[in-house]
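A.B. asks: Provided below for reference: sequence and predicted model.
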Amino acid sequence: MKRAKGLSKRRHTKPPSHKVVISVIQQKGGVGKTTLSVHLAHMIADLRPKWNVIVADADPQQSARQWVERGISHGHTAVSAVAIAGDGEGKALRKELQELEADVVVIDLPPAIESISLRAALYADIMLVPVGASPLDIEAAQAAVNVCQEAMDLDPRKQMILVPSRVRQGTASARELRPVLESWGQVSEATLSLRVAYSDAAVSGEGIQSYAPRSDAYREISLLTREILTIIENREE
């Protein structure tokens, strides 16, 4: 797999000088928001063991929080999780994020609730938009992209990264996805394929780095995480 230019390496372990908020935004369900959020948090903690990483679960179903807490109960995880935005709209989101003692916060957002997505974009440093390859996924992603672009208009320092997600490799839709996303903005070098290992890891509460460290799923999440770490650490320079 090709290494991205300037890709972050494990030797940089100094925590960021300010709390980094990563919001995973998509207003359609079934595109892998929770999978991306939890595996990303675990991989950041694995590659940066001195960093305190928290998954902030804003989805009423609380799947991400339950996943992480299951891992904690089995001794599988170095991340923690909290429930946020209990009002369903995120009116206190800014205060909740300020009170979290963390170097990196990964927010797993619910689908279809535009108000909380906009707030999460406003308070984020990096916005990840997972997008599936189906026409419905691509059409629905435009709303999430609009939310992120509105936040970037207010603060150009923010970055939006579109992440091809749950992609069936070798299909026509997979080949057509990336050019469409590139017309909207920055696209991750990593493509997250539709892999059983991602969801199976949730059963034991693990991240892919411990559940399947030699798998293609590991390589995909590792590449995406290193892309994001490069962004974070370049901001520190």
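C.D. replies: In hand now; what should we look at?

A.B. asks: Leaving out sequence neighbours, find the closest residue to the spatially most central residue of the chain.
C.D. replies: Taking Cα atoms, centre = their mean, the centroid of the chain lies closest to Ser37, which sits 4.1 Å from it. Among residues not flanking Ser37 along the chain, Asp108 sits closest, at 3.9 Å (Cβ to Cβ, 6 or more residues apart in numbering). The C-beta positions use only the backbone N, C-alpha and C, and glycine is treated the same way.

A.B. asks: Then Trp51?
C.D. replies: Asp103 (4.2 Å).

A.B. asks: The one you found reaches Lys19, doesn't it?
C.D. replies: Yes: between Asp103 and Lys19 there is a contact under Cβ atoms under 8 Å: 6.6 Å.

A.B. asks: Name the residue in those two with the higher neighbour count.
C.D. replies: Neighbours were counted for Asp103 and for Lys19 using other Cβ atoms under 10 Å; Asp103 has more, 20 against 17.

A.B. asks: So what's the gap between the longest strand seen in the chain and the chain middle?
C.D. replies: Criterion DSSP state E: the longest strand present in the chain is strand 159-167. A distance of 9 Å separates the centroid of the chain from that of strand 159-167, by Cα atoms, centre = their mean, to the nearest Å.

A.B. asks: and if you look at stretch 151-167?
C.D. replies: On Cα atoms, centre = their mean, the centre of stretch 151-167 falls 11 Å from that of its chain.

A.B. asks: for that stretch, what is the average pLDDT?
C.D. replies: Per-region confidence: stretch 151-167 scores 96 on mean pLDDT.

A.B. asks: Report the buried residues of that stretch.
C.D. replies: Ala151, Met152, Lys158, Gln159, Met160, Ile161, Leu162, Val163, Pro164, Ser165, Arg166, Val167 (16 or more other Cβ atoms under 10 Å).

A.B. asks: picking up where we left off before, in what helix or strand does the residue nearest to the centre of the chain lie?
C.D. replies: helix 33-47 (DSSP states H and E).

A.B. asks: Send me the next helix or strand after that helix as PDB with only the CA atoms.
C.D. replies: Going down the chain from helix 33-47, the next helix or strand is strand 53-57, by DSSP H and E. Extracted as PDB, the C-alpha positions of strand 53-57 are listed here (Å, rounded to 0.1, in the frame of the first residue of the first chain):
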ATOM      1  CA  VAL A  53      -8.400   9.400  23.600                       C
ATOM      2  CA  ILE A  54     -12.100   9.500  24.300                       C
ATOM      3  CA  VAL A  55     -15.100   8.400  22.200                       C
ATOM      4  CA  ALA A  56     -17.900  10.800  22.700                       C
ATOM      5  CA  ASP A  57     -21.200   9.100  21.700                       C
END
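
A.B. asks: What strands flank strand 53-57, and is each parallel or antiparallel?
C.D. replies: strand 80-83 (parallel), strand 104-108 (parallel) (DSSP bridges).

A.B. asks: Outside of the shortest one itself, list whatever touches it.
C.D. replies: If you take Cβ atoms under 8 Å, 6 or more residues apart in numbering as the criterion, strand 80-83 is touched by 53-57, 62, 64-65, 67-69, 72, 100.
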